[in-house]
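Enquirer: coords please:
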Amino acid sequence: MAQASLRFGKSLVNQARRRNMSTTHAVAGTHLNYTVQDGVAVLRFDSPGSKVNSLGEETSAELQEAFQTFMKDPAAKSAVLLSGKPGCFIAGADINMLAKCQTAEEATALSKGCQDLLFEVEQCKKPVVAAIQGSCLGGGLEVAMACHYRIAVDGMKTSMGLPEVMLGVLPGGGGTQRLPALTGIPNTLDMALTGKTLNAKKAKKVGLVDAVVDPLGPGLAPADVTTHQYLEKIAINTAKQLADGSMKLPNRGPKNFAKKVEKAAFGVGPVKDYVFNMAKGKVMKQTNGLYPAPIKILEAVRAGLDHGVEGGYKAEREKFGELVATSESKGLISLFHGQTECKKNKFGKPANPSKTLGVLGAGLMGAGIAQVSVDKGYTTVLKDMSSAGLSRGVSQVSDYLDKKVKRKKVAKLDAERYLANLIPALDYTDFGKVDMVIEAVFEDINIKHRVIKEVEKHMREDAIFASNTSALPITKIAEASIRPEKVVGMHYFSPVDKMQLLEIIVTDKTDMETKKAAVDVGLKQGKVVIVVGDGPGFYTTRILAPTLSETIRLMQEGVDPTKLDKLSKGAGFPVGIATLIDEVGIDVAAHVAEDLGKAFGDRFGGGNPEVLKGLVAAQMMGRKSKKGLFVYADGSKDRPVNQEGMNIIKKFAAVAPAATAGDEDIVLRMVTRFANEAVACHQDGILATPLEGDIGAVFGLGFPPFSGGPFRYIDTMGAQTFVDHMRRFEQSYGVAFTPCQMLVDMAKSGNKFYK
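Expert: Okay, here's the model as predicted:
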């Protein structure tokens, strides 16, 4: 059997060999292997040393070379493109390529190169079959759509989507044009504007794939491997049939009357105007006009309808170039990189990873921590002081799993197995078996001390004690421990199953194995993990406190909570700042304000602390008490301003200096205090890197994502401009707006946090 083995990119001139249907030709590249089996070219994409395949400069060049080899190869009558990785077809484009683009023109050229490559595939006269298992996203889906036939596996983590909008860009490889041709305009807008992914069956229903393969069970190899081998056989057989004419390519036109009417309607100007104007209105309402990518996506899709294929592709690459050059894209891409870094254990793997967890307190937080633990394989002992409290916590976990079953996130059998991992407890009997205890009891240092002394009597010497405190220094909590080196902070955010961030706090005494184990648990729970140093408020609580204090001062100056919500959401915060106070809990805010006020003095001043105390005394503690800054009624979405609460605030009324009372300054007063304190945390060594600071602020507190976080926000504005704003407010309000020294130094030097 004749074989040739060469790296792609080398000359193929001397490859002329005697070819026939039983001959296998092989060309091996670093990322792509090309073989011919019985007339079918198999292009196997398998980047070495990586869990995923992505489209970078080198891989794209090899992919193009492979297709060109196929098109010139007389022995290959058809082709199959598949991955060598069962869990990933192609995960998308290499984000670093975007970062290298210095101008919109460079990004436009990058898009055109990708379009040209996929035109070659699409226009090939020999059929190409894409065999999809695992993630097929962004540029990966664009490659698959350029193929003539698509087969996808049902399950096995197979998902298809165009998530570019979440990076502040649009699909630049023909996605805005091929997706409408395959699925229609409504499906295209639904996917491209949201980043929504589809499983194989849904993709088949909308016309994105042509055939669905059922997964196989395990054999001599795991189920995903046996299924992948089965997929390859089916794809090769399909390619053979397409080549010999025994099977025809499907008709891509509308399949039923409704779809025919839909297609015809989009040829009518007023209908197009109505649909696209409606879509634009929804986008503007959801984004407040702060994210340019969805609008550019609408424009690119519309250009294809109005001006045909050539006009559509031209609009796509030009708008792609424009978006890559925006600060919004740079901010969102920076967050993507940050997420990637914060999903790694920077300390390395623990010698003895935790397998059994103990959770103290079955309230919302404790039960939430149990929720995200049992379904990740952890045996979890959930303890509470009362039967009623424990029953409520177990019900919360059970309801969470039931919802996952109803939404088809997990099978019923798996949910029952996960629930069996939960061990309810009213005493410490089972705590001798746990590897890590996570306490979620009331935020009081005396209670924390009592709990740690009690539980350590029952824990193994090598077991770890983690506190879910949001503000109390871990060093102080560890004072009650006989093993302070095994004490760490694990600050979860509520609701635990929805909030991605986990803030891990380490002290000078925390040993390396404890650090490794804490991060390991967080990552397995599906969290984005930042590691910070110890101190009052750590990082997230410390940077939020001055912002909330300034918000109270603004209300004392007569700014309505509804207006504060509108302005903060208009600036990009997903939750209005007044609503956030109610969600955090006014009692919690008062407690934190008092503790951090003692620690940091006048710099954390702003609103009068008596405002919060007065609201708490009146039992107005936020959503949980049905009254806070707003009034909450069961079954109603209406949240009128709490006039009783406003009357309390009016007792402490203050006059705003006219120079700082405009809407823009109201937003700047909140944001500058937030970002200044973030930099102060970096200056004080609480934060190791600006990247972790940005991730913590965005994923834990909702700092405007398009900005990339407070550090990148300052970079975009310029440190000098930022400092100038603070100095202006400082004249009216004093030390609360004094910029930290690191900011002052950066303003003088012109340096940036991100080079």
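Enquirer: got any ranges where the chain has weak pLDDT?
Expert: 1-26 (pLDDT under 70).
Enquirer: which residues of the stretch 351-500 of the chain fall in helices?
Expert: Counting by DSSP state H, counting those that start in this stretch, the stretch 351-500 of the chain has helices at residues 364-374, 387-406, 412-420, 445-456, 474-478.
Enquirer: out of these, deepest packed?
Expert: With neighbours defined as mean count of other CB atoms under 10 Å, the helices of the stretch 351-500 of the chain peak in mean count at helix 364-374, which reaches a mean of 25. Just so you know, the C-beta spots here come from the backbone N, C-alpha and C atoms, and that holds for glycine as well.
Enquirer: Just want the angle from that helix to helix 387-406.
Expert: Interaxial angle, helix 364-374 versus helix 387-406 (axes from the mean of the first three to the mean of the last three CA atoms, to 10 degrees): 50 degrees.
Enquirer: rewinding a little: which one of the helices of the stretch 351-500 of the chain lies closest to Val529?
Expert: helix 364-374 (12.8 Å; CB to CB).
Enquirer: thinking again about what came up before, can you list the helices of the stretch 351-500 of the chain in JSON lines and add distance to Ser47?
Expert: Formatted as JSON lines, those follow (distance: least, CB to CB, whole Å):
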{"stretch": "helix 364-374", "distance to Ser47": "31"}
{"stretch": "helix 387-406", "distance to Ser47": "33"}
{"stretch": "helix 412-420", "distance to Ser47": "31"}
{"stretch": "helix 445-456", "distance to Ser47": "47"}
{"stretch": "helix 474-478", "distance to Ser47": "41"}
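Enquirer: out of those, nearest to Met71?
Expert: helix 412-420 (45.7 Å).
Enquirer: Give me the helices and strands touching that closest one, please.
Expert: Other helices and strands packing on helix 412-420, by 3 or more CB pairs under 8 Å, 6 or more residues apart in numbering; DSSP states H and E, are helix 387-406.
Enquirer: Which residues does the helix it packs on contact?
Expert: With CB atoms under 8 Å, 6 or more residues apart in numbering as the test, helix 387-406 has contacts from 362-364, 366-368, 370-371, 374-375, 382-384, 410-412, 415, 418-419, 422, 424-426, 497.
Enquirer: and that helix, how far out from the chain's middle?
Expert: 26 Å (CA atoms, centre = their mean, to the nearest Å).
Enquirer: change the start of the numbering to 11 and stick with it
Expert: All right, first residue 11 from here; so that's helix 397-416.
Enquirer: how far off helix 422-430 does it point, in degrees?
Expert: Using the same axes, to 10 degrees, helix 397-416 lies at 160 degrees relative to helix 422-430.
Enquirer: contacting residues for Ala140?
Expert: 90-92, 99, 153-154, 157, 159-161.
Enquirer: among the residues you listed, which are in helices?
Expert: With helices taken from DSSP state H, the overlap with the contacts of Ala140 comprises 153-154.
Enquirer: So which of the contacts of Ala140 is the closest to Arg737?
Expert: Val153 (52.3 Å).
Enquirer: So what's the residue count around the nearest residue to the closest one once chain neighbours are set aside?
Expert: Nearest non-adjacent residue to Val153, counting by CB to CB, 6 or more residues apart in numbering: Ile100, 5.9 Å away. Number of residues near Ile100 (other CB atoms under 10 Å) recorded here: 29.
Enquirer: ditto for Asp597
Expert: For Asp597, using other CB under 10 Å, the count is 20.
Enquirer: How about Pro260?
Expert: So Pro260, with other CB under 10 Å, has 12 neighbours.
Enquirer: List the contacts of it.
Expert: 159, 220.
Enquirer: For it, give its distance to Leu189.
Expert: Remark: distance between Pro260 and Leu189 (CB to CB, to the nearest Å) = 16 Å.
Enquirer: Closest to Ala335 out of the contacts of Ala140?
Expert: Val153 (24.8 Å).
Enquirer: dump the residue contacts of that closest one.
Expert: 65, 73, 91, 100, 128, 131, 140, 183.
Enquirer: Out of these, who's the most crowded?
Expert: In these, the most neighbours by other CB under 10 Å go to Gly183, 34 neighbours.
Enquirer: top helix in the chain by residue count?
Expert: Longest helix in the chain, counting by DSSP H: helix 302-334.
Enquirer: chain center to that one, what's the gap?
Expert: 25 Å.
Enquirer: other SSEs contacting it?
Expert: helix 114-132, helix 185-193, helix 195-202, helix 279-297, helix 337-351.
Enquirer: And the next helix or strand past the third one?
Expert: Note on helix 195-202: by DSSP states H and E, the next helix or strand toward the C-terminus is strand 207-208.
Enquirer: continuing past that following strand, what's the next helix or strand?
Expert: Counting by DSSP H and E, what follows strand 207-208 is helix 210-216.
Enquirer: List the buried residues in that next one.
Expert: 210, 212-214, 216 (16 or more other CB atoms under 10 Å).
Enquirer: With stretch 642-654 instead?
Expert: Here stretch 642-654 shows 642, 649, 652 as buried, counting by 16+ other CB under 10 Å.
Enquirer: before we move on, the earlier item: for the helices and strands packed on helix 302-334, which one ends up most surrounded?
Expert: Highest mean neighbour count among the helices and strands packed on helix 302-334 (mean count of other CB under 10 Å): helix 185-193, a mean of 23.
Enquirer: so that one versus helix 114-132, what angle?
Expert: Using the same axes, to 10 degrees: helix 185-193 against helix 114-132 is 30 degrees.
Enquirer: tell me the angle helix 185-193 makes with helix 195-202.
Expert: 130 degrees.
Enquirer: Arg649 contacts Gly638, doesn't it?
Expert: No: judged on CB atoms under 8 Å, Arg649 makes no contact with Gly638 at a distance of 9.6 Å.
Enquirer: Now for the residue nearest to Ala210 when sequence neighbours are not counted: which residues touch it?
Expert: Nearest residue to Ala210, sequence neighbours excluded (CB to CB, 6+ apart): Ala162, at 3.9 Å. Contacts of Ala162 were listed using CB under 8 Å, 6+ apart, and they are 142-143, 146, 168, 170, 210, 213-214, 219, 221-223.
Enquirer: what's the spacing between Ala162 and Cys146?
Expert: 8 Å.
Enquirer: Spit out the residues that contact these two alike.
Expert: By CB under 8 Å, 6+ apart, the residues touching both Ala162 and Cys146 are 168, 170.
Enquirer: ok so, going back, and the residue nearest to Ala210, what are its bridge partners?
Expert: Taking DSSP bridges as the rule, Ala162 bridges to Ile142, Val222.
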